[in-house]
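# how would this look folded up:
(4 chains)
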2 protein chains.
Amino acid sequence: MSTNPLLKGTLQTIILKLLEDNTQMYGYEITQKVKEITAGEIKLTEGALYPALHKLEAEGMLETTTEIVDSRVRKYYRLTEQGGNEVSSKLDEAQAFIEQLQAILSLKPALK
Amino acid sequence: MSTNPLLKGTLQTIILKLLEDNTQMYGYEITQKVKEITAGEIKLTEGALYPALHKLEAEGMLETTTEIVDSRVRKYYRLTEQGGNEVSSKLDEAQAFIEQLQAILSLKPALK
DNA sequence: TTTATATACATAGCTTTCTTATGTATGTAA
DNA sequence: TTACATACATAAGAAAGCTATGTATATAAA
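Predicted coordinates:
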């Protein structure tokens, strides 16, 4: 994988979508889930994930509860009502952007 | 459109792909081409485009020739040999990332 | 027993890459 | 003479990643 500039801008959407599907998840679980779904192709780094979670929480999109499991701390995140409302528009934006991008990247050479 | 955080990381690939298809283009032409292809959905700002072109040139991916057309300066960019070699791997990366992203974003809710 | 790996959080410092705003200059239409 | 289109460029700032580091627990391996 190395670095992944393409990830920029999509991390928030990934987080919100996963939390829409799974009700509640903790940070480490999100990294593992993404790794699993993408067969290791996309790896979320902690330095990107945790600040992104904190930001979404500060914006009122996510709320948390902390639990102790096996004497380790787990901070569960779930969508707030506002967060839930935001998900579908974020997904629409992402899908629209992907389609436009593919329109450019799979362009046939101009017939001159 | 407003701002476009999703654009991050894809601008280089867009530029290289357009130059693969069109042999040579100048900056303003690239902005218009992208606007045209995406029906105005994606707008490249000059503050993003020109530094990106300069960077690709500095990295040896692009080379330029300047012409005067209608007493206005035009700086044409085209792929160097190195740039040409780089295009397909950039495109592969972008397509792979898009596929992984769609795998995450269109995930069905986990059956629990 | 001490090292490595996995789990689980967090943050500081850095870099890349974008946005906004501004500037120069020419040509044309209102 | 004002506005808009064409055509370049850059400075300042913000956003959002990455790397590295730190804390802490549990377990497996050497």
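# going forward, measure contacts between C-alpha atoms and count neighbours the same way
Noted.
# The biggest helix by length in chain A to helix B:81-105, inter-axis angle?
The longest helix of chain A (DSSP state H) is helix A:81-105. Orientation of helix A:81-105 against helix B:81-105 (axes from the mean of the first three to the mean of the last three CA atoms, to 10 degrees) gives an angle of 150 degrees.
# Tell me the buried residues in helix A:81-105?
For helix A:81-105, the neighbour count (16 or more other CA atoms under 10 Å in any protein chain shown) marks A:83-84, A:86-87, A:90-91, A:93-95, A:97-98, A:100-102, A:104-105 as buried.
# Ok, stretch A:39-50 next?
A:42-44, A:49.
# what's the average pLDDT for that stretch?
Averaged across stretch A:39-50, pLDDT comes to 93.
# Please save the CA atoms from it in CSV.
What follows is stretch A:39-50, C-alpha atoms only, in CSV (Å, rounded to 0.1, in the frame of the first residue of the first chain):
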residue,chain,number,x,y,z
ALA,A,39,-8.3,-7.7,1.3
GLY,A,40,-5.6,-5.6,2.8
GLU,A,41,-5.5,-3.1,0.0
ILE,A,42,-6.6,-0.2,2.1
LYS,A,43,-5.1,0.2,5.5
LEU,A,44,-6.3,3.0,7.8
THR,A,45,-3.5,4.4,9.8
GLU,A,46,-4.2,5.3,13.4
GLY,A,47,-2.8,8.7,12.9
ALA,A,48,-5.6,9.3,10.3
LEU,A,49,-8.4,7.4,11.9
TYR,A,50,-8.4,8.6,15.5
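# In contact with the closest residue to A:Thr31 other than its chain neighbours, which residues?
Leaving aside its sequence neighbours, A:Thr31 sits nearest to A:Leu44 (CA to CA, 6 or more residues apart in numbering or on different chains; 5.6 Å). Going by CA atoms under 8 Å, 6 or more residues apart in numbering or on different chains, A:Leu44 touches A:31, A:34-35.
# now do A:Gly83
Shown in contact with A:Gly83 (CA under 8 Å, 6+ apart): A:16, A:60-62.
# In helices only, show me these.
Within these, residues falling in helices by DSSP H are A:Leu16.
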